[in-house]
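Undergrad: Quick one: sequence and predicted model below, then my questions.
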Amino acid sequence: MKKQFLPQKICPVCNRPFSWRKKWEKNWDQVKYCSKRCSGEARKSHR
């Protein structure tokens, strides 16, 4: 994939766009958060 054409999503916690990464290649459809920090914040707010 060329860097210019990487797919992007919007993080629901910080509302920032984040791009596809090689480590997310197999599960890009399930990726919701841009970082572990945002993932933790989402869990914290649901309690």
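TA: Received the coordinates, thanks.
Undergrad: For stretch 27-41, measure first residue to last.
TA: Across stretch 27-41, the terminal residues are separated by 21 Å (CA to CA, to the nearest Å).
Undergrad: what residues does the lowest-mean-pLDDT helix or strand in the chain touch?
TA: Every helix and strand of the chain was ranked by mean pLDDT, DSSP states H and E. The lowest is helix 36-45, at a mean of 92. The contact list for helix 36-45, computed with CB atoms under 8 Å, 6 or more residues apart in numbering, reads 11, 12, 13, 14, 32, 33. In this view, the C-beta of every residue, glycine as well, is placed from N, C-alpha and C.
Undergrad: That helix: which residues count as buried?
TA: By neighbour count, and taking 16 or more other CB atoms under 10 Å as the criterion, the buried residues in helix 36-45 are residue 38.
Undergrad: where in the chain is pLDDT low?
TA: 1-2, 47 (pLDDT under 70).
Undergrad: Could I get the full set of strands for it?
TA: 8-10, 17-19 (DSSP state E).
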